[in-house]
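Chemist: I'll drop the sequence and a predicted model, then ask my questions.
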Amino acid sequence: MAAQAAGPLVVGVDSSTQSTKALVVDAVTGAVLARGQASHTIGGGAGKESDPRQWWQALGEALDQCGDAVRQASAVSVGGQQHGLVTLDAAGEPVRPALLWNDVRPAPQSERLIAELGGAKAWADRVGSVPRPALTVAKWAWLREHEPDAAAATAAVRLPHDYLTERLTGEAVTDRGDASGTGWWASSTGAYDTEILAHVGLDPALLPRVALPGEAAGTVHAGHLPLPKGALVAAGTGDNMAAALGLGLRPGLPVLSLGTSGTVYAVSTHRPADPSGTVAGFADARGDWLPLACTLNCTLAVDRVAALLARDREAVEAGGGVVMLPYLDGERTPNLPNASGLVHGLRHDTTAGQVLQAAYDGAVFTLLEALDRVLDADAAPDAPLLLIGGGARGRAWRETVRRLSGRPVVVPEAQELVALGAAAQAAGLLLEEDPAAVARRWGTARGAEYEARPRDDAAWERLTATLADGAPLLRP
Ligand SMILES: Nc1ncnc2c1ncn2[C@@H]1O[C@H](COP(=O)(O)OP(=O)(O)O)[C@@H](O)[C@H]1O
Ligand SMILES: O=C(CO)[C@@H](O)[C@H](O)COP(=O)(O)O
């Protein structure tokens, strides 16, 4: 395989909520020479948890599937689901399963942290984000309150991507992108916030070093993975930051990602600070910012509705006035952690296909509602939406985005943009280039273009009214 390559080989990894994906990529051309994927399981009863050791095992399986090419890689990088709280004991073993980004149990701790440290605006100004239940700081506060023994046994705290990076290299290293989703890395200073850490009783010595953009985490030291010992390992980053790299994103171009989470984001040259908490003021993996809004209910919620209706996910039907807010897991945007799904407007003539379409509409509306807040002065109002994530392969998702956004849509041909972004980061490290420039050279954002259609204002108004009128039901 490597014989077909024009340049050295790099490996990009996406350790996301549902699976690990690995790509072996030609660092010069961006050609994908091999790929692998292995699933994760999520448990946790009322919460959302995964055993980090499973991610390591899945990484091994995904790399094995890549065959010989992976054994010739010169550099590797790991992108991972953001915010997860990985707690390790003194031997480096997980104290308990990781609390994932979509675990809403820390909602009371989140409210308390906001109140105790000056309110939402103070948090946004200082940290960049209001500490919603998703953020690692709220999860750590939950653990200390509910499982003090587990918190006391914790000798190291990691995020999913840097847990894997450390297992590859033996080095405790993270990056500013993923660190910016913890709630204890302040965007105002570009460093860990020792006052916040003291407030939540977390010793900064338990945290990984934050590498500078472009800095290596180390080299592969683990002999039992197919990766060659001594291959360079980049710092990696959060999955959304990795996808921004993978698209070679320039400031102001909006991305809508349809996966387990739904996200809308853009690279910005201005540090975000949204006191409403809708926009998380993340850092990107280079030196800019990544204002982002994230929903909990996206592809899994809509697929669940399709299964309930016993319909294929593409079997939608237009028409009718039924409205659905598919908040099956509670919701993060808007901040409704205790909400459940809401259906309104059913009639005798409502069809199952219309109910399914209403689920897509509700999921897409929730994301697009946040888009205007995410975009700043850098953003061109008529810029096309880049549609990525597993859902971007679906016609019903794409057409719903076109109908409710009124914007042109581009669906990149490249499908695994997080893994490609990690590969671009690895290639950037190896070739001493800007990873976003590497991705632009690879042409990763090229894809099918769909022109703008007039926005469906009637559907938008029905959804807005249902969200407002349903508030007492959505905030139990
Ligand atoms: N052809 C398709 N059409 C529509 N949706 C799809 C298709 N293929 C996969 N998906 C959706 O993509 C989702 C997984 O997306 P992905 O971005 O890989 O998730 P994550 O990164 O959160 O693990 C699945 O939940 C599934 O609903
Ligand atoms: O919490 C966020 C962003 O803030 C999520 O986007 C996670 O990063 C999980 O991503 P996926 O597994 O859905 O890609």
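Modeler: Okay, I see it. Owing to the predicted nature of the structure, the values given are computational and were not obtained by experimental measurement. Ligands and ions are numbered 1, 2, ... in the order given.

Chemist: ok, now how distant is the residue in the chain sticking out farthest from the centre from ligand 2?
Modeler: In the chain, the residue that sits farthest from the middle, by CA atoms, centre = their mean, is residue 348; the gap is 39.5 Å. Noted for residue 348: a distance of 37 Å to ligand 2, by CB to the nearest ligand atom, to the nearest Å. C-beta here means a position set from N, CA and C on the backbone, and glycine is covered the same way.

Chemist: and that residue, how far is that from residue 358?
Modeler: Counting by CB to CB, to the nearest Å, the gap between residue 348 and residue 358 amounts to 16 Å.

Chemist: one more: residue 67?
Modeler: When distances are taken as CB to CB, residue 67 and residue 358 turn out to be 44 Å apart.

Chemist: same check, this time on residue 213
Modeler: Using CB to CB, one gets 43 Å for the distance from residue 213 to residue 358.

Chemist: next structured bit after the strand or helix carrying residue 125?
Modeler: Under the criterion DSSP states H and E, the helix or strand holding residue 125 is helix 120-127. Remark: after helix 120-127, the chain's next helix or strand is helix 136-146, criterion DSSP H and E.

Chemist: what's the average pLDDT for that following helix?
Modeler: When pLDDT is averaged along helix 136-146, the result is 98.

Chemist: next, the buried residues of that helix.
Modeler: For helix 136-146, a neighbour-count test (16 or more other CB atoms under 10 Å) marks 136-144 as buried.

Chemist: could you export those as TSV, including distance to residue 93?
Modeler: As requested, these are arranged in TSV below (distance: CB to CB, whole Å):
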residue	distance to residue 93
136	19
137	23
138	24
139	19
140	18
141	23
142	21
143	16
144	20
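
Chemist: what is the nearest of the residues you listed to ligand 2?
Modeler: Set against ligand 2, the nearest of the buried residues of helix 136-146 by CB to the nearest ligand atom is residue 136 (10.3 Å).

Chemist: wait, the closest one touches residue 183, no?
Modeler: Yes: at 5.9 Å, residue 136 and residue 183 qualify as touching, with contact defined as CB atoms under 8 Å.

Chemist: how many neighbours does the nearest residue to residue 439 once chain neighbours are set aside have?
Modeler: Spatially, and ignoring its direct neighbours in sequence, residue 439 is nearest to residue 248 (3.6 Å; CB to CB, 6 or more residues apart in numbering). Summarising burial for residue 248: neighbours were counted as other CB atoms under 10 Å, giving 23.

Chemist: where's residue 248, which helix or strand?
Modeler: Residue 248 is located outside every helix and strand, with elements delineated by DSSP H and E.

Chemist: helix, strand, or coil at residue 292?
Modeler: Residue 292 falls in the strand class when you classify it by DSSP: H, G, I helix; E, B strand; the rest coil.

Chemist: give me the pLDDT for it.
Modeler: According to the predicted model, the pLDDT of residue 292 comes to 98.

Chemist: same question, residue 180
Modeler: In this model, residue 180 carries a pLDDT of 98.

Chemist: same thing with residue 222?
Modeler: 70.

Chemist: for the residue lying closest to it once chain neighbours are set aside, give me its contacts.
Modeler: Distances taken as CB to CB, 6+ apart place residue 168 nearest to residue 222, at 5.9 Å, with adjacent residues excluded. Going by CB atoms under 8 Å, 6 or more residues apart in numbering, residue 168 touches 76, 78, 217-218, 220-222, 225, 227, 233.

Chemist: which residues does the nearest residue to residue 157 once chain neighbours are set aside contact?
Modeler: Residue nearest to residue 157 in three dimensions, not counting chain neighbours: residue 206, with 5.0 Å by CB to CB, 6+ apart. With contact set as CB under 8 Å, 6+ apart, residue 206 has these partners: 154-157.

Chemist: now the buried members of those residues.
Modeler: Buried, going by 16+ other CB under 10 Å: 154, 156-157, out of the contacts of residue 206.
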